[in-house]
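Visitor: pasted the sequence and its predicted model underneath.
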Amino acid sequence: MSATIQSIEAILVDIPTIRPHKLSMTTMGVQTMVIVRVTDSDGIEGLGEATTIGGLAYGPESPESVKLTIDHYVAPLLINQPADNINTLKVRLGRVIRGNTLAKSAIETALLDLQGKRLQRPVAELLGGAVHTHMPVLWTLASGDTGKDIDEAMNLIEARRHCDFKLKIGSRPLMDDVRHVAAIKEAVGDSASVRVDVNQAWDEATAAKGMAELQAAGIDLVEQPTPMKHFDSLVRLSDKFHLPILADEAVADATDGFNLAAAGFGGAYALKIAKSGGPARVLELAAVASAAGIGLYGGTMLEGTIGTAASLHAWSTLETLHWGTEMFGPLLMKDDIVVTPLTYRDNGVELPDGPGLGIAIDEDKLEHYRRK
Ligand SMILES: O=C(O)C[C@H]1C=CC(=O)O1
Ligand SMILES: [Mn+2]
């Protein structure tokens, strides 16, 4: 008799950020994680995380709605079901719950962690095995102030914590953003790759002008310049410029990835477990991208250590991450709720080892930061 699922808990955890993090649609001062704990009848526990940015500012699921979805819809479907057949559990959820990929990602992660602990194997091995144990990680400069961003970048380069940077733009007039970006690129020099993320803020005409300016300033990649559903804009812009485009919000799952590639897009895709529905699901998008000759990037929703580790287990199985990763979420938060944080060194991060995700909760910290 295989073990059955006995309990599913979704916990809201609020941790302040080390500084304001300014995106085109919101400025974050705190990050809210939904931590999921699934226990089975043998007493083994699996951990998962669902995290978004700025409540409902980034996407259609909020931390509070994810908790409600898990408590009221997911848990009753999974309690007393065998814990070890994750595909069957996902089919069961998928038949009754549409969308809600953040909640599904946390659940898929927790089930993989549980299975890994049961088998005493890492999650990467359940996904076919890690090709890499150290992955490059860029840092996002988003204080909202050019001088502060330059100081931050210089310190991180000096410490060999990050050598590549992503700048959040799109909330200011175009030429203000261009001057901001050009000043940072000039300061960090040629050895650093500087990219921008517009988070859908431009229309196509603004994007065309912006991309011409950014190309001239030596920027390497422009992320999601136009609204997520405007596939045609992304295709035309990717045709027009040799400055490549990274599609983020536009591509959530393998079907989006297939449609955008079929429409003629020739850039790269930001993979995120939260968009696709988990560390196994996101690899379906990676496979479609690879089949279409589209580059890969390990993306984040600024998750804490659990969600970041889950993503790293997935990215580690990919032969090539053409644009590296941005798995720095835990470093943007003032504190952590795990016993041993991830190891960031040599401009990257180590894949945690040990069974499952290789992550354990610090119960005192969780108690301190959980929403009362
Ligand atoms: O990419 C996004 O849209 C969201 C996120 C990733 C890094 C960061 O600073 O914000
Ligand atoms: Mn993005």
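Guide: That came in fine, so what should we check first? This structure is a prediction, so every number in the text was calculated from the model and none was measured. Ligands and ions are numbered 1, 2, ... in the order given.

Visitor: can you give me the strands in the stretch 151-300 of the chain?
Guide: 165-168, 194-197, 221-223, 245-247, 268-271, 295-298 (DSSP state E, counting those that start in this stretch).

Visitor: now the ones you listed in TSV, with distance to residue 111?
Guide: Just so you know, the C-beta spots here come from the backbone N, C-alpha and C atoms, and that holds for glycine as well. What follows is the strands of the stretch 151-300 of the chain, written out as TSV (distance: least, Cβ to Cβ, whole Å):
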stretch	distance to residue 111
strand 165-168	31
strand 194-197	31
strand 221-223	30
strand 245-247	28
strand 268-271	20
strand 295-298	21
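
Visitor: turn these into TSV, including distance to residue 277 and mean neighbour count.
Guide: Converted to TSV, those look like this (distance: least, Cβ to Cβ, whole Å; neighbours: other Cβ atoms under 10 Å):
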stretch	distance to residue 277	mean neighbour count
strand 165-168	24	24
strand 194-197	22	26
strand 221-223	21	25
strand 245-247	18	26
strand 268-271	12	26
strand 295-298	16	23
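
Visitor: export the ones you listed as JSON lines, with columns for mean pLDDT and distance to residue 108.
Guide: Converted to JSON lines, these look like this (pLDDT from 0 to 100; distance: least, Cβ to Cβ, whole Å):
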{"stretch": "strand 165-168", "mean pLDDT": "98", "distance to residue 108": "26"}
{"stretch": "strand 194-197", "mean pLDDT": "98", "distance to residue 108": "26"}
{"stretch": "strand 221-223", "mean pLDDT": "98", "distance to residue 108": "25"}
{"stretch": "strand 245-247", "mean pLDDT": "99", "distance to residue 108": "22"}
{"stretch": "strand 268-271", "mean pLDDT": "99", "distance to residue 108": "14"}
{"stretch": "strand 295-298", "mean pLDDT": "98", "distance to residue 108": "17"}
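
Visitor: make JSON lines from the ones you listed and add distance to ligand 1 to it.
Guide: Conversion of those to JSON lines gives the following (distance: least, Cβ to the nearest ligand atom, whole Å):
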{"stretch": "strand 165-168", "distance to ligand 1": "6"}
{"stretch": "strand 194-197", "distance to ligand 1": "5"}
{"stretch": "strand 221-223", "distance to ligand 1": "6"}
{"stretch": "strand 245-247", "distance to ligand 1": "9"}
{"stretch": "strand 268-271", "distance to ligand 1": "6"}
{"stretch": "strand 295-298", "distance to ligand 1": "9"}
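
Visitor: make sure residue 144 is indeed in a strand.
Guide: No - counting by DSSP: H, G, I helix; E, B strand; the rest coil, one finds residue 144 to be coil, located in no strand.

Visitor: domain ranges for this protein?
Guide: Following automatic domain parsing, one finds the domains of the chain at 5-123+363-369, 126-350.

Visitor: the first one spans what distance, first to last residue?
Guide: With Cα to Cα, to the nearest Å applied, domain 5-123+363-369 spans 26 Å between its terminal residues.

Visitor: what of the last one?
Guide: Taking Cα to Cα as the measure, domain 126-350 stretches 18 Å from start to finish.

Visitor: tell me where the model's unsure across this protein.
Guide: Counting by pLDDT under 70, the chain contains no low-confidence range.

Visitor: what's the longest strand in it?
Guide: strand 5-22 (DSSP state E).

Visitor: where does this structure come near ligand 2, residue by residue?
Guide: Within the chain, the positions adjacent to ligand 2 are 197, 223, 248 by Cβ under 5 Å from the ion.
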